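**Student:** Sequence first, predicted coordinates after that:
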Amino acid sequence: MGNAQAQIDYPRGLDFEQVWAALMENREQQKETDRQMKETDRVVKEIGKRLGDFTNSFGDVVEHLVAPIFWKNSKLLGLILRKPALGIKSEIKRTTSLLK
């Protein structure tokens, strides 16, 4: 065996300019990602607001179309109801069983 050491030729790697360029590119990509996330948050909030408005509108439809029919026919169901103003819950008092 000889005393000669085998010298391994490792690649030099990246120099400062290449590392700096990669960091700057990463910074620009991060700015774009942040902008996209803010836009996504804005869209999600808008969709939530519209969905809430839609649900409220559906409640209004029920309140204005279904409720009057219900009030007219409540005695047939054996219910004594005090008719509330729109948007206010009523007390329900059952006088007969529907399961007879």
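**Tutor:** Received, thanks. Numbers count the residues shown, from 1 in each chain.
**Student:** all contacts plus neighbour counts: C-alpha atoms, from now on.
**Tutor:** Noted.
**Student:** low-scoring stretches of this protein, by residue?
**Tutor:** Scanning the chain for pLDDT under 70 picks out 1-6, 9-11, 81-100.
**Student:** where exactly do the strands run in it?
**Tutor:** Listed in chain order, the strands of the chain (DSSP state E) span 79-81, 92-94.
**Student:** and residue 15, how many neighbours does it have?
**Tutor:** Per other CA atoms under 10 Å, the neighbour tally for residue 15 reads 8.
**Student:** no wait, residue 8
**Tutor:** 6.
**Student:** and residue 26, how far is that from residue 38?
**Tutor:** Using CA to CA, to the nearest Å, one gets 18 Å for the distance from residue 26 to residue 38.
**Student:** Repeat that for residue 69.
**Tutor:** Distance of residue 69 to residue 38, computed by CA to CA: 47 Å.
**Student:** just residue 23 next, same as before
**Tutor:** Following CA to CA, the distance that separates residue 23 from residue 38 is 23 Å.
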